[in-house]
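Peer 1: when you get a sec, could you give me coordinates for this:
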Amino acid sequence: MHNKQTIDIIVASSDEYMKYTTALMVSAIENTNKNYHLHFHILSNNLQEKTKEKVSMLHHFYDFDIDYTVIKSGICLDLPFCPNKHVNSKVGYLKLLSSSLFPNLSRALILDVDIIIIKDLAELWEINIDNYCVGAVPDFWYKKRPNNKYPYFNAGVLYANLTEWRKIDFEKQVLEIIPTKKLQFPEQDLFNEIFAGKTLYLDWGWNMETCAKATWFKALSEQEKQEVSANPKIIHYIAEYKPWDDHDLPYAEYWWYYARFTPFYENMLKDIESRTSYNHYREAINVIFNYHRNVLQYWRCKLLYNLTRGKTKAHYMTKKDKLKEKIKMAKNLLK
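Peer 2: This is a model prediction of the structure:
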C-alpha cells in the first residue's frame, strides 16, 4: 500500500509488442515525480503468461502496479485494418473502450507503444481538464486539413477525462459514426470527430512527433517548428520505422537508453542485429537489379543539370550524385 497519488496509464499492446511497452514503462517510472505512483493498464487481445512473467521482473527494480485486460472481441472488430499502425490496428482500437473497461477511473493517460517519456508525467497529470473530454497535441499535419474547424490532434498521447466520455456516451457515438464515415486512421479519426470542441490542446512537447523531415511538418510556421523541438517531454516515434528497427533514427538514443533497463533488452539487440543484416542485404539486391535504370536516370539528371539553373540545377546535382553512388555500389557488388 502507498499514500501517493496514482497516475493511471492505459496502453494498448500485444504479445509481440510488450517488450517495447516495457521501455515506455521504464521511461515513465524514471521520469515521474516520486510523490506519484504509476499504475499501468495493459489492453490486449493476445498476451501469454510467460510474457507477463518476464514483464513482472521489473518489480525487482521499480515500484509500480500493472494489470492486464485481454479482449478477444468487441468494438475493435468492427473497424478496418489500418496499415499505417505500428501495432496491429485491431489492438489499438481497444483504446475506444477505455471508459467502459475501467469504470472506476475518472481520468487516465492513454499512450501508444512507440513512445518514450523524458519529462515529469506529474506535470501533465496536474493540468486541469475538468471541462474537456481530452487533452491532446495537434498533429503536424493538421494544417493539411483546412476544412476542420478544430485542429486535428494525434491520438498517441491522450489525457482522457473518462467521466466526460461516459457523460456524452462516447462508445455509443463511436458505433453510430463507424458506418457513416470513411476512416483513414480509424480510432484517431473517431476521437477527433467526437471530441471536436471538447479538446484541450496541450503544449507541443507532450507529443513530440519524430518526423521533422515529413512534408506536412513543413506546413507549420517557423514559430510552431521551434515550439515542437524546443522542449520535448514525450517523444513519439510515429514514422514507419521505429527505434527498435533502426538505432540511427532521430531521437533513437533516448529509446535505447531506457530499453536497456528492461528484461527484454538482449532480445531486442538480437532482433535489431538480424533486421539490420536483412536490410543491408535487401538494399544490395535492389541496387543490383536497378543498375540499368539508375544508369539511364543518371544520364538524364546529368543532362538536366547542364540545362538548368538555380534551385533546379542544385536539385539535379543532388539527384545525380546519389545515382552515381548507387551505380558505384552495384559495380562493386558485381565484381
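Peer 1: ok, the residue lying closest to K198 once chain neighbours are set aside to T180 distance?
Peer 2: Spatially, and ignoring its direct neighbours in sequence, K198 is nearest to C133 (4.1 Å; C-beta to C-beta, 6 or more residues apart in numbering). Using the backbone N, CA and C atoms, a C-beta is placed for each residue, glycine as well. Using C-beta to C-beta, to the nearest Å, C133 is found at 20 Å from T180.
Peer 1: before we move on, what about Y237?
Peer 2: Y237 is 32 Å from T180, by C-beta to C-beta.
Peer 1: more neighbours, the two?
Peer 2: Neighbour count, other C-beta atoms under 10 Å: between Y237 and T180, Y237 has more, with 28 against 7.
Peer 1: and the more buried one, what is it in contact with?
Peer 2: Neighbour list for Y237: H86, D114, I115, I116, T210, P243, L249, Y251, A252, W255 [criterion: C-beta atoms under 8 Å, 6 or more residues apart in numbering].
Peer 1: any idea how far it lies from G197?
Peer 2: 30 Å.
Peer 1: go on, W244?
Peer 2: Taken as C-beta to C-beta, the span from W244 to G197 is 37 Å.
Peer 1: between the two, who's got more neighbours?
Peer 2: Remark: of W244 and G197, W244 carries more neighbours, 23 against 8, as counted by other C-beta under 10 Å.
Peer 1: confirm that one sits in a strand?
Peer 2: No. Going by DSSP: H, G, I helix; E, B strand; the rest coil, the assignment for W244 is coil, not a strand.
Peer 1: how about it, what does it touch?
Peer 2: By C-beta under 8 Å, 6+ apart, W244 lies in contact with Y20, W255, A259, M268, D271, I272.
Peer 1: ok, C301 next?
Peer 2: Y316, K319, K320, L323.
Peer 1: surely it forms part of a helix?
Peer 2: Yes. Counting by three-state DSSP, C301 is part of a helix.
Peer 1: for H37, see how far away it is.
Peer 2: 59 Å.
Peer 1: which of the residues in stretch 103-122 are buried?
Peer 2: If you call a residue buried by 16 or more other C-beta atoms under 10 Å, then stretch 103-122 has these buried ones: 105, 107-119, 121.
Peer 1: re earlier: reformat the contacts of C301 as JSON lines; add neighbour count and distance to K172.
Peer 2: JSON lines is the format used below for the contacts of C301 (neighbours: other C-beta atoms under 10 Å; distance: C-beta to C-beta, whole Å):
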{"residue": "Y316", "neighbour count": "19", "distance to K172": "56"}
{"residue": "K319", "neighbour count": "17", "distance to K172": "53"}
{"residue": "K320", "neighbour count": "18", "distance to K172": "58"}
{"residue": "L323", "neighbour count": "21", "distance to K172": "56"}
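Peer 1: what's the closest of those to K95?
Peer 2: Looking at the contacts of C301 and their distance to K95, the nearest is K319, at 42.1 Å (C-beta to C-beta).
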